[in-house]
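Turn this into a structure:
(one chain, ligands or ions: 1)
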Amino acid sequence: MDASASAAPAAAAGQGYDASPYLPSRGGLASLRRAAAGCQGCPLFLDATQTVFGAGPARARLMLVGEQPGDQEDVRGEPFVGPAGRLLRRALDEAGLGDEDAYLTNVVKHFKFTPAPRGKRRIHKAPNLREMTACRPWLIEELRLVDPEVLVVLGGTAGRALLGSSFRVGERRGVLLPMPALDGGETAPAAGQLLATVHPSAVLRADDREAAFSGLVADLSVAAAVLE
Ligand code: URA
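All right, here's what the predicted structure looks like:
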């Protein structure tokens with residue numbers, strides 16, 4: 001059967017993208033992860049290698065949310081294992097936060113890309129609002145189950161997904177904010193604080209990489225102080 005014919009009924013029929021029908025009615029993170037592997041709630045699953053679900057301890061005190069998996073994450077099936085992930089892990093370490101104690105995930109669970117004009121390279125393409133909204137039920141469930149004390153939002157896409165479309169990371173970074181009431185508060189975690197900072201990819205692209213890296217570490221240190 002051709003892949004597009006096997007797409008989720010709603011996504012295939014263009015009736016709106018939505019991951020909700022794929023969510024299990026009960027179970028913990030492991031069953032959520034298994035269900036996400038079969039998600040066809042939007043067309044991004046068609047070209048991606050696999051779902052890249054969150055990873056880390058089920059009861060992590062710290063959770064970090066990025067935009068979407070990159071090329072290497074798509075191949076390996078794990079979040080933050082490419083260049084941006086390596087930089088992030090180094091920054092976490094410098095801030096005194098072990099990455100093994102953190103739960104890492106993304107707003108969108110499939111890699112979105114365009115093929116490079118020549119060769120086999122795949123160029124990252126930012127997810128749009130429909131894709132982010134479709135994928136949101138997974139993130140909300142992850143948040144509910146992990147219930148972190150601090151949620152670190154990495155970059156503008158994750159910030160807009162969790163704090164609204166007017167969010168600008170430069171205006172709100174490095175300060176502790178109350179956890180937003182997701183889904184009208186029905187499924188939101190009861191407690192916890194949120195801290196926004198730049199995406200590690202932005203550090204890799206910065207003209208002054210050292211200064212940008214120090215800024216990321218300084219922001220993460222605010223989270224580390226809460227978790228001391
Ligand atoms: N960038 C992200 O936002 N997430 C990843 O998992 C990798 C790169």
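
How far does whichever helix or strand residue 137 is part of sit from its chain's centre?
Using DSSP states H and E, residue 137 falls within helix 129-146. Offset of helix 129-146 from its chain centre (CA atoms, centre = their mean, to the nearest Å): 9 Å.

Give me the mean pLDDT for it.
Mean per-residue pLDDT for helix 129-146: 95.

what's it packed up against?
helix 29-36, strand 62-66, strand 102-106, helix 155-163 (3 or more CB pairs under 8 Å, 6 or more residues apart in numbering; DSSP states H and E). In this view, the C-beta of every residue, glycine as well, is placed from N, C-alpha and C.

excluding its backbone neighbours, what's nearest residue 131?
Leaving aside its chain neighbours, residue 131 sits nearest to residue 42 (5.1 Å; criterion: CB to CB, 6 or more residues apart in numbering).

Work out for me the element residue 214 sits within.
For residue 214, the host element (DSSP H and E) is helix 209-227.

so what's residue 128 up against?
Contacts for residue 128 (CB atoms under 8 Å, 6 or more residues apart in numbering) come out as none.

Relative to residue 63, how far out is residue 99?
12 Å (CB to CB, to the nearest Å).

Compare the two and say which is more crowded by neighbours.
Taking neighbours as other CB atoms under 10 Å, residue 99 and residue 63 compare with residue 63 leading, 26 against 17.

Write down the beta-bridge partners of the residue nearest the centre of the chain, one by one.
Nearest to the mean C-alpha position of the chain, by CA atoms, centre = their mean, lies residue 106 at 1.2 Å. Counting by DSSP bridges, residue 106 is bridged to residue 66.

okay but it is in contact with residue 68, surely?
Yes. Residue 106 is within contact range of residue 68, at 5.1 Å (criterion: CB atoms under 8 Å).

Run through the residues of the protein sitting next to the ligand.
66-70, 73, 79-80, 82, 84-85, 106, 201 (CB under 6 Å from any ligand atom).

how about the nearest residue to residue 95, chain neighbours excluded?
residue 220 is the one closest to residue 95 (CB to CB, 6+ apart), at 3.6 Å.

and residue 178, what does it touch?
193-194.
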